[in-house]
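Visitor: this one's sequence-less:
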């Protein structure tokens with residue numbers, strides 16, 4: 001017959017002692033746990049050293065698991081980024097193009113603000129402009145250089161009046177309509193303007209060449225004192241232009257003067273100021289009516305072909 005699966009403890013002293021010892025240890029552990037819980041509630045900082053030791057013990061394991069976790073995340077992100085790189089590059093290129101466009105627009109607005117400030121500065125000079133207007137067009141032929149102004153006789157514009165931008169001289173009014181005017185540009189082959197070098201009184205004439213440049217011809221021939229980079233300004237001779245307005249910069253030296261580039265490019269100018277004729281004598285000459293037995297006042301076209309009478 002098979003032995004029973006379990007025996008009662010009462011039949012063995014050793015089993016009874018073992019069971020009693022287990023109960024005793026369990027009770028002691030419970031009491032110790034309650035004591036430690038009460039101590040932790042009463043003095044929380046008492047177990048700080050033990051917590052530090054436990055934290056130091058598990059830190060290497062936690063660090064290794066964190067490194068492994070970061071590495072796995074980076075690996076999967078690399079795979080995902082590889083498949084999304086094409087779309088991201090396209091988006092970045094599109095954003096860069098938009099940023100370049102916005103930057104160019106900002107530069108254009110900055111330049112326009114500078115031009116408008118220059119025009120406002122023209123209003124603050126002693127010579128008050130007759131009107132401010134826009135250059136709305138120009139001729140396309142190579143010989144004649146004319147521009148069209150969005151202001152005319154109704155705004156007080158008269159033939160012969162200087163047209164000035166924020167940078168310098170553009171030309172002078174040749175003909176006027178009621179709400180528009182035609183401007184003879186400095187680069188026109190029929191335009192002649194008395195000028196002088198800005199730093200001294202070397203006088204010359206600025207003649208239009210019809211190709212966007214000016215020919216500077218010295219009045220006193222001899223040793224050419226001009227140098228590349230010299231600034232030429234209006235001399236005030238003739239009475240039409242007030243003196244000291246920038247005209248051109250010498251770009252090339254010739255035996256009788258030089259070739260100059262305009263300071264105020266009409267193609268890059270949007271708004272201009274129409275100023276009154278500087279000298280009263282020139283104004284009277286423009287306004288003088290024809291009289292019997294007297295010479296007729298020169299017309300704008302005749303004045304354009306006669307520089308000495310014009311300027």
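Guide: That came in fine, so what should we check first? Fair warning: this is a prediction, and the values are worked out from it, not measured in the lab.
Visitor: what lines up beside the helix or strand hosting residue 217 in the sheet?
Guide: Taking DSSP states H and E as the criterion, residue 217 maps to strand 213-218. Pairing partners of strand 213-218, with direction, according to DSSP bridges: strand 203-208 (antiparallel), strand 257-262 (antiparallel).
Visitor: so which bits of the first one are buried?
Guide: When burial is assessed from 16 or more other Cβ atoms under 10 Å, strand 203-208 yields the following buried residues: 204, 205, 206, 207, 208. To be clear about C-beta, it is placed using only N, CA and C from the backbone, and glycine gets the same treatment.
Visitor: pretty sure the third one sits against residue 218.
Guide: No - contact between residue 206 and residue 218 fails when scored by Cβ atoms under 8 Å: they sit 11.2 Å apart.
Visitor: before we move on, back to that, following element in sequence after the strand holding residue 217, please.
Guide: Counting by DSSP H and E, what follows strand 213-218 is strand 231-234.
Visitor: next helix or strand past that following strand?
Guide: Per DSSP H and E, the first helix or strand lying C-terminal to strand 231-234 is strand 246-254.
Visitor: sheet-wise, list the partners of that following strand with their directions.
Guide: In the sheet, strand 246-254 lines up with strand 231-234 (antiparallel), strand 257-262 (antiparallel) (DSSP bridges).
Visitor: could I get these as TSV with distance to residue 185 and mean pLDDT?
Guide: Formatted as TSV, the strands paired with strand 246-254 follow (distance: least, Cβ to Cβ, whole Å; pLDDT from 0 to 100):
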stretch	distance to residue 185	mean pLDDT
strand 231-234	15	91
strand 257-262	9	94
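Visitor: export these to JSON lines and tack on mean neighbour count and distance to residue 151?
Guide: Putting the strands paired with strand 246-254 into JSON lines (neighbours: other Cβ atoms under 10 Å; distance: least, Cβ to Cβ, whole Å) gives the following:
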{"stretch": "strand 231-234", "mean neighbour count": "22", "distance to residue 151": "22"}
{"stretch": "strand 257-262", "mean neighbour count": "21", "distance to residue 151": "22"}
